[in-house]
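[1] next come a sequence and a model predicted from it.
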Amino acid sequence: VLARHNLYQITQELALIKRYINEGRLWELVEIRCRGHPAMLDALRRLKSHTEFLERTEPLSRDGALFYTGAESRARPPFLRHAQRVMERYVPSASKAAVFPDGSKPYSRAYEWEFHKARRAGYVPIVITPFGPVPAELDEIYPLAQSVFPEITDAETVASMDELTFNFLEKMGFEEVIEGCDVPEDGELTYDPDQIRARAISNYQFGIEATNALFRGEIEIVKSRKTGKIRNVISDGEHILSLRAPDGLYTLKPEGAKRILEKVPAPFMRVAVNDDSVPFVSNGRNAFCQFVLDMDEDIRPMEEVIVVDKDDKFLATGRALLIKNEVMSLKKGIAVKVRSGNGDDA
């Protein structure tokens, strides 16, 4: 009877682990279970020293929300990724900043009037969150919007929030920083929130150089009639980007990819395939690992990529499923989930 009981428990536990792996939530399960023994908690805390390594294989976004279960959650790669990108890729739309406390999400809805007042007065609204500083125009991207935190914040998270925010404000070089409640009422500046948001998301996702290549000439923002949110970005009459509703990030269109290829040198965002793969990828077929010649080392899983031939000619756009080290070491499997091919080379 005891042996049968143990077998059932082991089978049940293995099924639970498989489910968490399939859902991309294994780290969350480890955080829940680590409280059962001090040695397990110590092992989890040691992962913090390997966060940079783990960030390389962390998908850009996931289907589910990120759950914060304790101070150990701060060692998860999305926290490091946000801190790096907001420090390196954010370009303020004004020279002054107004900081707001964390609140309900999305922040642009909870603080709608306060953010509008700050913009009119010439201030960039910035929310201090458990992820660190979140500029108002980035409040709907993954995982900033797709995360759940307890209302009572632990001391370690508060200290990290304050440190990250201080470093961010210092690096941005704002002329003035005030509390959100101190924003003057008489601001009269005009601004376009959609243009600010569209460009900021592109900077965060693709980088400043790629954004400069994408956003040129006359920019038109197409919004959803139902939600009022950004759906498409048109530049000089060309559809370059579409914004995904689930994670608030962009899908790269062929016209946008060609602009990046033209202005940003290789291997940025590229996955180069051999001649055997060219006709298939051009027609929208996936790019497989055994046909990849080279790819950008900075590409992360689920990131938008540009598939090119050996001469850096555009073939298709898609989303990477693996990083370079994985692709180059595998002989089977999909490297890029191709979305749209050129078709002219078929």
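    Yes, it's here.

[2] the stretch 151-300 of the chain: strands as residue ranges?
    Assigned by DSSP state E, counting those that start in this stretch, the strands in the stretch 151-300 of the chain fall at 176-179, 219-223, 230-235, 238-243, 250-252, 270-273, 287-288, 292-295.

[3] which strand residues bridge Leu252?
    Under DSSP bridges, the beta-bridge partners of Leu252 are Leu241.

[4] show me the contacts for it.
    Neighbouring residues of Leu252 by C-beta atoms under 8 Å, 6 or more residues apart in numbering: Phe206, Ile240, Leu241, Ile260, Glu304, Ile306, Thr317. To be clear about C-beta, it is placed using only N, CA and C from the backbone, and glycine gets the same treatment.

[5] save the residues you listed as JSON lines, and put in neighbour count, distance to Met172 and pLDDT too.
    Putting those into JSON lines (neighbours: other C-beta atoms under 10 Å; distance: C-beta to C-beta, whole Å; pLDDT from 0 to 100) gives the following:
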{"residue": "Phe206", "neighbour count": "25", "distance to Met172": "20", "pLDDT": "98"}
{"residue": "Ile240", "neighbour count": "25", "distance to Met172": "27", "pLDDT": "97"}
{"residue": "Leu241", "neighbour count": "25", "distance to Met172": "25", "pLDDT": "97"}
{"residue": "Ile260", "neighbour count": "23", "distance to Met172": "26", "pLDDT": "98"}
{"residue": "Glu304", "neighbour count": "24", "distance to Met172": "26", "pLDDT": "98"}
{"residue": "Ile306", "neighbour count": "26", "distance to Met172": "30", "pLDDT": "98"}
{"residue": "Thr317", "neighbour count": "24", "distance to Met172": "32", "pLDDT": "97"}
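
[6] just the ones in helices from the residues you listed, please.
    Residues of the contacts of Leu252 located in helices (DSSP state H): Phe206, Ile260.

[7] distance to Asp247 added to the contacts of Leu252, as JSON lines?
    Converted to JSON lines, these look like this (distance: C-beta to C-beta, whole Å):
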{"residue": "Phe206", "distance to Asp247": "15"}
{"residue": "Ile240", "distance to Asp247": "18"}
{"residue": "Leu241", "distance to Asp247": "14"}
{"residue": "Ile260", "distance to Asp247": "20"}
{"residue": "Glu304", "distance to Asp247": "12"}
{"residue": "Ile306", "distance to Asp247": "20"}
{"residue": "Thr317", "distance to Asp247": "17"}
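
[8] what is the nearest of the contacts of Leu252 to Val292?
    The closest of the contacts of Leu252 to Val292 turns out to be Ile306 (C-beta to C-beta; 13.0 Å).

[9] now, among the contacts of Leu252, which is nearest to Val177?
    Phe206 (27.8 Å).

[10] SS state for Ile141?
    Classification of Ile141 by DSSP: H, G, I helix; E, B strand; the rest coil places it in coil.
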